[in-house]
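Peer 1: after the sequence you'll find the predicted model.
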Amino acid sequence: QASTQLLRFITCGSVDDGKSTLLGRLLYDTGMVPDDQLAALARDSRKLHADTPDALDFSLLTDGLDAERQQGITIDVAYRYFHSARRSFIVADCPGHEQYTRNMATGASNAGLAVVLIDARKGVLPQTRRHTYICALMGIRQVVVAVNKMDLVDWREDIYAAIAHEYRELAAQLGIAQVHCLPAVAPSGDNVGRRSDRMGWYEGPCLLELLESADTAPAQGTEFRMPVQWVNRPDASFRGYAGTVCGGRVAVGDEVVVQPAMRRARIERIVTADGDLPHASEGQAVTLTLDREIDVSRGDVIADAARPAPVADQFAAHVLWMGDEPLLPNRAYWLKIGTRTVNARVTTIKHKVDVNTQAELAARRLELNEVGYCNIDLDHAIAFESYADNRTLGGFVLIDRQTNATVGCGMLDFALRRAANVH
Ligand code: GDP
C-alpha cells in the first residue's frame, strides 16, 4: 500500500558529479520520455558529442533552464514529476553551488529523502558534508548515496567501500538514521533503473528500487493537528474551518481544542469536495464543522483535546538566513508558521554553525546562507511542535516587514517560555 504513495525527494551533489545525467536516466528508465523527445535527445546528443554519435546525453533531459545552460550551473530548485509502475515521485533538483544553500533548504524542507551524489574519483567533499548537514537540519532522515562514475575508477569495490564508510560516519554524526549506499554509472544506468551486472560485488537494490520502497512521509507525529487556513462561512447556516491535516487523524464526534485559546468543541462534520467523510488523516484537505459556536480564526490550530500542542511565545530555534541584508538581533520580522503570522524578534544569536564543518562560532549577525541557533520572541503565543516532530507546526519562515521578502527559514527546537494559561 505504501508503494502507491507519492515520494518527494531531493538530489544533491557538487557541479559535475552527474546529477542531471542521473535524473535524466531515471526519467528514461521509468519510460517518462516520449518518442518525440527521445528523437530530439538523440539529435541533440549527436550534435554535442560528435565523438560518440550513438550515445544519449541524458543530462539534456533535465538541464532545461535557459539560464542554467548559459551559466553551466543549476540556479534554482527545479521540481520534476515522474512515476514508475509502483509509485509517483516529485524530485527537487538542488544546485551544487555554495551560494544556493537557501535553494537547497527550500527543496529539502518538504522532501522525505535525499539522493546524495558523490563522484567516485573525488570521494566525500566539503560540499557533501554541507549538503548532508542542510538535509539533516531540514529534517531529512533517509539518504541514498549514489557513488557515481564507477567506470572511471575501474569499478573498484575498495574505492566504493571507503567512500561509503566515510559517508556513513558523517551521517551518523548528523543524526541521519537511514543511509543506503550504491555504486552507479549514470549514463549507462548501472544501478539506476536496473541492477548492474558489472559490479557483482554489490548485491543491493538499484536506485529506483530504493526510491520505490522508501518511507514517503516526513514525521508529522500521531496526534491530530490542523492549522486553519480559512474560515468558510457562505451563509448564516454554515460555518466551517478549512485546512490540511498536518498530523494524526480526526473522526466525527472527536473532542478537539482550538489553540492557542484552548476552546473545546466536538467535530460535527468532515466536509470535502467529494462529500462528507467519517474521518480524515494527515495530508488531507478538509473543512471541519464543530458542534458549537466558538471563536475560530485563520491561523488557529485545531488539535486533539486530550493531547493538544504546547503553546508558547519564546523559543530556541535554528535559523537559516536567506536575506541579502544580514539578520540583526532585535529587529522585527513577520514570522509565518503553519497558517499563522505573528511579529517576531531574534533576541539572541547563541552561535552560528559553520555549514561545512558544523563548528559552532560566536556571531552578532547572520549573513546570507548562514545558519544560527537563536532565541526568538513572538508577540503572541502560538501552538507549536518541535520541527523534529512536526515540520508544519515546527517550521517557519521570517519575512521582511518592508519588502515582504522571505529572508529566513527556521526550525523550532523547544519552548523557552510556555504560555501561562495553558496546561
Ligand atoms: P551535474 O552538474 O551534477 O548535473 O552533472 P552532469 O549530469 O551534467 O554530468 C557532468 C559530466 O559527467 C557529464 O559530462 C556527464 O556525461 C559525465 N558523467 C555523469 N555521470 C557519469 C558516470 O557515471 N561516468 C562517466 N564516465 N561520466 C559521467
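Peer 2: Received the coordinates, thanks.
Peer 1: can you find the helix or strand in this protein with the smallest mean pLDDT?
Peer 2: helix 66-71 (a mean of 43; mean pLDDT, DSSP states H and E).
Peer 1: the helix or strand just after that one: which residues count as buried?
Peer 2: Next helix or strand after helix 66-71 toward the C-terminus (DSSP states H and E): strand 78-83. Of the residues in strand 78-83, 78, 80, 82 count as buried by neighbour count, 16 or more other C-beta atoms under 10 Å. C-beta: built from backbone N, CA, C; applies to glycine.
Peer 1: can you show me the helices along this structure?
Peer 2: 19-29, 35-48, 59-62, 66-71, 101-109, 126-137, 157-173, 207-213, 391-394 (DSSP state H).
Peer 1: to Pro227, which of the ones you listed lies closest?
Peer 2: helix 391-394 (6.8 Å; C-beta to C-beta).
Peer 1: that closest one packs against which elements?
Peer 2: Here helix 391-394 touches strand 225-235, going by 3 or more C-beta pairs under 8 Å, 6 or more residues apart in numbering; DSSP states H and E.
Peer 1: residues contacting Gly112?
Peer 2: 7-9, 140, 142, 214-218 (C-beta atoms under 8 Å, 6 or more residues apart in numbering).
Peer 1: so how far is the ligand from the residue nearest to Ser20 when sequence neighbours are not counted?
Peer 2: Spatial nearest neighbour of Ser20, excluding adjacent residues (C-beta to C-beta, 6 or more residues apart in numbering): Ser59 at 3.6 Å. Ser59 is 4 Å from the ligand, where distance means C-beta to the nearest ligand atom, to the nearest Å.
Peer 1: isn't Ser59 right up against Arg25?
Peer 2: No. Counting by C-beta atoms under 8 Å, Ser59 does not reach Arg25; the two are 9.0 Å apart.
Peer 1: more neighbours, the two?
Peer 2: Of the pair Ser59 and Arg25, Arg25 is the one with more neighbours under other C-beta atoms under 10 Å, namely 27 against 19.
Peer 1: for that one, give me its contacts.
Peer 2: 58, 186-187, 189, 192-193.
Peer 1: who's in contact with the residue nearest to Ser20?
Peer 2: Here Ser59 is in contact with 18, 20-21, 24 (C-beta under 8 Å, 6+ apart).
Peer 1: 10 Å - rerun?
Peer 2: Counting by C-beta atoms under 10 Å, 6 or more residues apart in numbering, Ser59 touches 18-25, 45, 48, 186-187.
Peer 1: any idea how far Arg121 is from the residue of the stretch 251-400 of the chain found nearest the ligand?
Peer 2: Going by C-beta to the nearest ligand atom, the ligand is nearest to Asn356 of the stretch 251-400 of the chain, at 19.1 Å. Noted for Asn356: a distance of 21 Å to Arg121, by C-beta to C-beta, to the nearest Å.
Peer 1: just give me the neighbour total for Ala251.
Peer 2: Count around Ala251 with other C-beta under 10 Å applied: 13.
Peer 1: leaving out sequence neighbours, find the closest residue to it.
Peer 2: Ala251 sits nearest to His279 (C-beta to C-beta, 6+ apart), 3.9 Å away.
Peer 1: tell me the spatial nearest neighbour of the residue of the stretch 251-400 of the chain closest to the ligand, not counting adjacent residues.
Peer 2: Pro126 (4.7 Å).
Peer 1: and that neighbour, what's its pLDDT?
Peer 2: Pro126 carries a pLDDT value of 87.
Peer 1: is it correct that it is in contact with Ser14?
Peer 2: Yes. If you go by C-beta atoms under 10 Å, Pro126 and Ser14 touch, sitting 9.2 Å apart.
Peer 1: out of these two, which sits in the busier spot?
Peer 2: For Pro126 versus Ser14, neighbours defined as other C-beta under 10 Å are more numerous around Ser14 (21 against 12).
Peer 1: for Met104, see how far away the more buried one is.
Peer 2: Separation of Ser14 from Met104 (C-beta to C-beta): 12 Å.
Peer 1: kind regards, and thank you for your time.
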